[in-house]
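Chemist: fold the following.
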Amino acid sequence: MRRLKIGGVPEHFNLPWRLAIEEGLFSDIGAELHWSDMNGGTGQMIKGLQVGSLDIAVLLTEGITRAILKGLEAKIIAVYVQSPLCWGVHVANNNAVQRIKDLDGSVFAISREGSGSHLMSYVLAQREGWEPSSLSFNVVGDIYGGLWALNHGEAEGFLWEKYTTQPFVDQGKLKRIAEVYTPWPCFVIAVRNEVLAADKDLLSSIIQIIQKRAHELKNAADASEEFAWRYGLQSKQVEAWLAQTEWASQLEIEQKDLLKTVETLQELSLITADEASNWQLKLLP
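Modeler: You can find the predicted model right below:
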């Protein structure tokens, strides 16, 4: 039995992994997956791949793309969620800010450098016509650090996945003033190069299993209830999220999806032209 360490955010997107592991679906192909919740998000998973505490990571496309182009010894082996991610733009509930333009030049709470909350702040700045260099950041670790920073005056804005923060919005702990979508598929599966070299066929089988389980879950009659009770969401919220979420269904990666990510990172000066060169060879198996 091949034991592999896999990490992902403890959010609703990853319920297919949870169920597949609970149901023993990977044991049939000789794989034993040990899941770790990564509360620190993509930045924490990049570190895990770097130091070898993770073999596989399910993480944000923009974060892992930038990390690999900057030298991380890993490859993107599949798209996990094909649809874009809806990021909520949040402020403290008692903050007088009501309009997105009022956050121009503000301090944004981010989980880690290179994380989605970090990189998508730049995408937001680009959309709004702000000068990206005017942004500043406070590294807070995770969503709870973001809540603390907003409500204790240590940051003014905080980007996080809309439905994950919904319970905090409902409780009056956050105020969502805008949304911003990723211009690319939101989650991909990445592996360390060493693991890819040793287990390429096994990894392909793992991906096929998780894609099948994700589609079964999405189409299940009780899907919204399953997500709701596990993640503290309302069924109607889950139904809206499921309607706009598409898990990938093929092993091949559409290069145009990654090209948009690379081009945007370069436009925002988050990678250099040299780092962006030969991106297909650097990113893909």
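Chemist: any idea how far Thr42 is from Ser134?
Modeler: Noted for Thr42: a distance of 24 Å to Ser134, by Cβ to Cβ, to the nearest Å. C-beta: built from backbone N, CA, C; applies to glycine.
Chemist: more neighbours, these two?
Modeler: Between Thr42 and Ser134, counting by other Cβ atoms under 10 Å, Thr42 is the more crowded of the two (30 against 10).
Chemist: pretty sure that one sits against Arg66.
Modeler: No: counting by Cβ atoms under 8 Å, Thr42 stays clear of Arg66, with 9.6 Å between them.
Chemist: domain map for the chain?
Modeler: As recorded under automatic domain parsing, the domains making up the chain are 2-83+185-283, 86-181.
Chemist: end-to-end on the last one?
Modeler: To tie it back to what came earlier, the one meant is domain 86-181. Criterion Cα to Cα, to the nearest Å; first-to-last residue distance in domain 86-181 is 5 Å.
Chemist: do you know the pLDDT at Leu233?
Modeler: As predicted, Leu233 sits at a pLDDT of 84.
Chemist: just say helix, strand or coil for it.
Modeler: Per DSSP: H, G, I helix; E, B strand; the rest coil, the local secondary structure of Leu233 is coil.
Chemist: what about it, distance to Met38?
Modeler: Plainly put, Leu233 is 20 Å away from Met38 if you go by Cβ to Cβ.
Chemist: neighbour count winner among these two?
Modeler: Met38 (26 against 20).
Chemist: ok, the more buried one - contacts?
Modeler: For Met38, the residues meeting the contact criterion (Cβ atoms under 8 Å, 6 or more residues apart in numbering) are 7-10, 44-45, 48, 57, 59.
Chemist: give me the distance between it and Lys236.
Modeler: Met38 is 28 Å from Lys236, by Cβ to Cβ.
Chemist: same deal with Gly24?
Modeler: Separation of Gly24 from Lys236 (Cβ to Cβ): 32 Å.
Chemist: also Gln82?
Modeler: Here the criterion is Cβ to Cβ. By it, Gln82 lies 23 Å from Lys236.
Chemist: quick one, which of the two is more surrounded?
Modeler: For Gln82 and Lys236, the more surrounded residue by other Cβ under 10 Å is Gln82, and the numbers stand at 17 against 10.
Chemist: how about that one, phi and psi?
Modeler: The phi and psi torsions at Gln82 (degrees, to the nearest 10) take the values phi -80, psi -30.
Chemist: again, but for Gly43
Modeler: Torsion angles at Gly43 (phi, psi; degrees, to the nearest 10) stand at phi -60, psi -40.
Chemist: picking that back up, can you pick the most crowded of the contacts of Met38?
Modeler: Most neighbours among these, by other Cβ under 10 Å: Leu59, with 31 neighbours.
Chemist: so that one makes contact with Phe187?
Modeler: Yes: the pair formed by Leu59 and Phe187 meets the contact definition of Cβ under 8 Å, at 6.8 Å.
Chemist: out of the contacts of Met38, which are inside strands?
Modeler: For the contacts of Met38, the ones inside strands are 7-8, 57, 59, with DSSP state E as the criterion.
Chemist: and which of the residues you listed is nearest Ala220?
Modeler: Top of the list for closeness to Ala220, among the ones in strands among the contacts of Met38 and by Cβ to Cβ, is Gly8 at 20.5 Å.
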